[in-house]
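Chemist: Give me coordinates for this.
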Amino acid sequence: MSIGRRRFLGKTLWGGLGLLAAPLAQFGRGALEAAAPAQVSARAVDLVLGSTVVDMLGLLTLDWPKLYAWYRNPADFAEPDYRKLEASGVNIFHPAIETSSSDSHQAVLRWLRGWNRLLERENCFLARIEGINDLLHVPKLGKLGVLIGFQNSNHFRSAADVGPFYALGQRVSQLTYNQRNRIGSGCFEAHDRGLTGFGAGIIAAMNDSGMAVDISHCGERTSLDALAASSKPVLVTHSNCRALVPGQPRCKSDAVIKQLAAGGGVMGITIVRGFVGRSAAPSLEDLLDHFDHVARLVGPEHVGLGSDVDVEAVRPATGKPDPLYAIRGLDPALRVFQIADGLLRRGYGAPDVGLILGGNFLRVLAAIFPDASWHPVPQWQTQRDPFCPAPLSRVR
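Modeler: Residues are numbered from 1 along each chain as shown. Here you go, the predicted structure:
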């Protein structure tokens, strides 16, 4: 039985987003079933492959030298890289990184130049998510959508900087990382002083431009202040529930989750071990408890995926699994399928699981993006280039 009804579906746009679901491509299913552990049901595989899956902290790779190589020469992002990401079940990635440096403004500009070079020159496998139409069309083409964002907003020297960074492709900005900046306090600050006047101006400029406000790493007071200040829904792209992991400042309190939901926002759940459980070896069931907690607290329409990992979860220097993501019973490469299967086992209906897999973040991004982002799509952008390898796992 479904745990609750969808209270906030949007209007005509939600109907359009629903059209992204499509029949399972049988020739792609076999390969995925062969890779999936036996405990993942065919129903879960069908549901993932019939959904538009959004991971709001999904990284293309944790191997930074490899990412830099893709920036320098986009042709280095080849079909094997695409196939590995495609097999994860994720359609739209938000590969945000933290940008603190001695000159964060210039550092973010360099990152944006890298992303823009890759996304402008890699034409078969990746596509930029700039606005509402991209949410609709990119998955239909079998391409992987990339939503550019950053895990700090200290590159904004003033509110006047927000518009130019939006024009360069940034669509999401986390207000703070773990420490204090001019906007507010991070979650590891001993004393959270809340949102500053400068921060309120940054949020207003983000609301005006259509850039999403992310409070994943913000402290408690700063999170609540930001939620009160924003005229548009706010995101927690990647966090977990403090009610389940008491004393972990990176997790969100019930008070923050309730206020987030009241404003129409969505919270993505991470698979970071220390945020999932208090034991040394948290399990897949512990991870599912976080989805369950948010859904029971505010409804399944306010929770989604924010894994905070790539598909390999290994330390590039050694090639060995990174213990940061060691969740018993969970394979990071198959996390979407295992989470979907676990939610179905817990009694969630397919419509609610579809919302959690991506429908919720699609809805809220459409509410945040400006109307102007509904740009006409040239015919050549609505058809896949016949010279590009066909996607295996979906028909759009």
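Chemist: For residue 320, give its distance to residue 356.
Modeler: Residue 320 sits at a distance of 31 Å from residue 356 (criterion: CB to CB, to the nearest Å). Using the backbone N, CA and C atoms, a C-beta is placed for each residue, glycine as well.
Chemist: More neighbours: those two, which one.
Modeler: Remark: of residue 320 and residue 356, residue 356 carries more neighbours, 27 against 9, as counted by other CB atoms under 10 Å.
Chemist: what's near enough to touch the more buried one?
Modeler: In this structure, residue 356 makes contact with 291, 295, 300, 303, 304, 305, 339, 343, 348, judged by CB atoms under 8 Å, 6 or more residues apart in numbering.
Chemist: Same question for residue 150.
Modeler: Counting by CB under 8 Å, 6+ apart, residue 150 touches 96, 97, 98, 99, 108, 111, 170, 172, 173, 174.
Chemist: Apart from its neighbours in sequence, what residue is nearest it?
Modeler: Excluding the flanking residues, the one nearest residue 150 by CB to CB, 6 or more residues apart in numbering is residue 99, at 5.1 Å.
Chemist: Please confirm that the one you found is located within a strand.
Modeler: No: looking at residue 99 with DSSP: H, G, I helix; E, B strand; the rest coil, it is coil, so not inside a strand.
Chemist: picking up where we left off before, adding neighbour count as columns, could you present the contacts of residue 150 in TSV?
Modeler: Shown next, in TSV, are the contacts of residue 150 (neighbours: other CB atoms under 10 Å):
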residue	neighbour count
96	27
97	15
98	14
99	20
108	24
111	19
170	25
172	23
173	28
174	27
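Chemist: Which SSE is immediately downstream of whichever helix or strand residue 113 is part of?
Modeler: Residue 113 is part of helix 104-121, with elements assigned from DSSP states H and E. Sequence-wise, the next helix or strand downstream of helix 104-121 (DSSP H and E) is strand 126-128.
Chemist: From what I see, residue 166 and residue 209 are in contact.
Modeler: Yes: using CB atoms under 8 Å, residue 166 is in contact with residue 209, at 4.4 Å.
Chemist: Residue ranges in this protein under the pLDDT threshold?
Modeler: For the chain, the stretches flagged by pLDDT under 70 are 1-38, 374-384, 392-396.
Chemist: Can you tell me which residue sits nearest the middle of it?
Modeler: residue 56 (0.5 Å; CA atoms, centre = their mean).
Chemist: Go through the contacts of residue 356 and name the one nearest residue 227.
Modeler: residue 303 (16.3 Å; CB to CB).
Chemist: tell me the contacts of the residue nearest to the closest one when sequence neighbours are not counted?
Modeler: Spatial nearest neighbour of residue 303, chain neighbours left out: residue 294 (4.0 Å); criterion: CB to CB, 6+ apart. Applying CB under 8 Å, 6+ apart, we find residue 294 in contact with 241, 257, 267, 269, 302, 303.
Chemist: which one among the residues you listed gets closest to residue 40?
Modeler: Nearest to residue 40 among the contacts of residue 294, counting by CB to CB, is residue 269 at 18.3 Å.
Chemist: partner residues bridging the closest one?
Modeler: residue 239, residue 305 (DSSP bridges).
Chemist: That one and residue 295, how far apart?
Modeler: Taking CB to CB, one finds residue 269 at 10 Å from residue 295.
Chemist: shared neighbours of those two, anything?
Modeler: Common neighbours of residue 269 and residue 295, using CB under 8 Å, 6+ apart, are residue 303.
Chemist: Please say which of the two ends up with more neighbours.
Modeler: residue 269 (29 against 21).
Chemist: For the closest residue to residue 320 other than its chain neighbours, what are phi and psi?
Modeler: Closest residue in space to residue 320, ignoring its immediate chain neighbours: residue 314 at 6.1 Å, by CB to CB, 6+ apart. With angles defined as degrees, to the nearest 10, residue 314 sits at phi -120, psi 160.
Chemist: OK, contacts around residue 314?
Modeler: Going by CB under 8 Å, 6+ apart, residue 314 touches 62, 320, 321, 322.
Chemist: Beta-bridge partners for it, please?
Modeler: Beta bridges link residue 314 to residue 321, judged by DSSP bridges.
Chemist: any idea how far it is from residue 335?
Modeler: Relative to residue 335, and taking CB to CB, residue 314 is found at 14 Å.
Chemist: rewinding a little: among the contacts of residue 314, which one has the most neighbours?
Modeler: Of all those, residue 62 has the most neighbours under the rule other CB under 10 Å, reaching 19 neighbours.
Chemist: ok, residue 323 - contacts?
Modeler: Contacts of residue 323 by CB under 8 Å, 6+ apart are residue 273.
Chemist: What is the most widely separated pair among the contacts of residue 314?
Modeler: Pairwise distances across the contacts of residue 314 (CB to CB) peak at 12.7 Å, for the pair 62 and 320.
Chemist: So residue 225 sits against residue 192, correct?
Modeler: No: judged on CB under 8 Å, residue 225 makes no contact with residue 192 at a distance of 9.3 Å.
Chemist: list residues touching both of these two?
Modeler: Joint contacts of residue 225 and residue 192 (CB under 8 Å, 6+ apart) are residue 184.
Chemist: about what we covered before: from the contacts of residue 356, which land in helices?
Modeler: Counted as lying in helices by DSSP state H, out of the contacts of residue 356, are 291, 295, 339, 343.
Chemist: which one of these is nearest residue 391?
Modeler: Distance to residue 391 across the ones in helices among the contacts of residue 356 (CB to CB) is lowest for residue 339, with 21.7 Å.
Chemist: okay, now the closest one: neighbour count?
Modeler: That count, for residue 339 with other CB under 10 Å as the rule, works out to 25.
Chemist: Need phi/psi at the residue nearest to the centre of the chain.
Modeler: Dihedral angles (degrees, to the nearest 10) for residue 56: phi -80, psi 10.
Chemist: For it, give me its contacts.
Modeler: Contacts of residue 56 (CB under 8 Å, 6+ apart): 94, 147, 235, 237, 238, 266, 268, 304, 305, 306, 361.
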